[in-house]
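Chemist: compute the structure for the input listed below.
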Amino acid sequence: MRIRIIRHGEVDYVWGRKLDSEGYDRSCREYDERPIKASEKRLILAEGEPVFISSLERTFHTARQVFGEGKVRRSKNFDEVPLRSYKDTEKKHSVWVWNVLARVQWLFNCSRQPEIRRLSQQRARAAIAELEEAGTDCSLVCHRFFMMVLCRELKKAGYKIKKTRMINIKNLDVIEAIK
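Modeler: Numbering: from 1, shown residues only. Sure, this is the predicted structure:
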């Protein structure tokens, strides 16, 4: 089985330079609601190949841009691992500081984050089961951080990952998992 995992297109959103916790949390919500920028990248689907997407609109629009019209299977199992500010404060930080500290909390299963690492891993395993249930090669449009969690779980499930650079996954990058 071959699973082609694609990161969604570039989101049409400009993050603030410095944000307090309220501004960061608001920006995370706004980012999730913004459309993606147009792209010329196209991928070919095999006859009858299913396309899975997350419940977030940017994956739906990416699937349309990349694969054209066609049926998609939407599931929350493929959603991005959500972020929340690491603490409530009026002190302003750069977005990368908020992101790193929130992901550290996620790593250590801190309940401040909307989804802790253990739950993300469980969701990734459920996502793999959903993909395998299709019983055929498939494509998945999802999100950068979830892709990293998913690929770790795919390796544990016996898949070989065809991508060497897992940290800096760019918009519309494709990773193949083969079993």
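Chemist: contacts and neighbour counts: CA atoms only from here.
Modeler: OK.
Chemist: what's the pLDDT at Asn168?
Modeler: pLDDT, Asn168: 82.
Chemist: actually, Pro82.
Modeler: For Pro82, pLDDT reads 97.
Chemist: that one in helix, strand or coil?
Modeler: When classified by DSSP: H, G, I helix; E, B strand; the rest coil, Pro82 comes out as coil.
Chemist: burial of it, as a residue count?
Modeler: 18 (other Cα atoms under 10 Å).
Chemist: enumerate every residue touching it.
Modeler: Pro82 makes contacts with 113-115, as judged by Cα atoms under 8 Å, 6 or more residues apart in numbering.
Chemist: tell me how far Ser39 lies from His8.
Modeler: Ser39 sits 11 Å away from His8, going by Cα to Cα, to the nearest Å.
Chemist: ok, now Leu19?
Modeler: Leu19 sits 25 Å away from His8, going by Cα to Cα.
Chemist: quick one, which of the two is more surrounded?
Modeler: His8 (28 against 21).
Chemist: show me where pLDDT drops low in this structure?
Modeler: Along the chain, the parts satisfying pLDDT under 70 run over 164-165.
Chemist: where do the helices sit along this protein?
Modeler: 21-33, 57-67, 95-107, 117-133, 144-156 (DSSP state H).
Chemist: tell me the angle of the second one relative to helix 21-33?
Modeler: In other words, helix 57-67. 30 degrees (axes from the mean of the first three to the mean of the last three Cα atoms, to 10 degrees).
Chemist: who's in contact with helix 57-67?
Modeler: 8-9, 11, 32-36, 38-45, 51, 53-54, 70, 72, 141-142.
Chemist: the nearest residue to Lys71 once chain neighbours are set aside: neighbour count?
Modeler: Once flanking residues are discounted, Lys71 sits nearest to Val51: 7.4 Å by Cα to Cα, 6 or more residues apart in numbering. Using other Cα under 10 Å, Val51 has 23 other residues around it.
Chemist: need the contact list for Val51.
Modeler: 63, 71-73, 138-141.
Chemist: only whichever of the residues you listed are buried, select them in PyMOL.
Modeler: Selection of buried members from these for PyMOL, criterion 16 or more other Cα atoms under 10 Å:
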select buried, resi 63+72+138+139+140+141
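Chemist: turn the contacts of Val51 into TSV, including distance to Gln121.
Modeler: Below are the contacts of Val51 laid out as TSV (distance: Cα to Cα, whole Å):
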residue	distance to Gln121
Ala63	24
Lys71	27
Val72	24
Arg73	21
Cys138	21
Ser139	20
Leu140	17
Val141	18
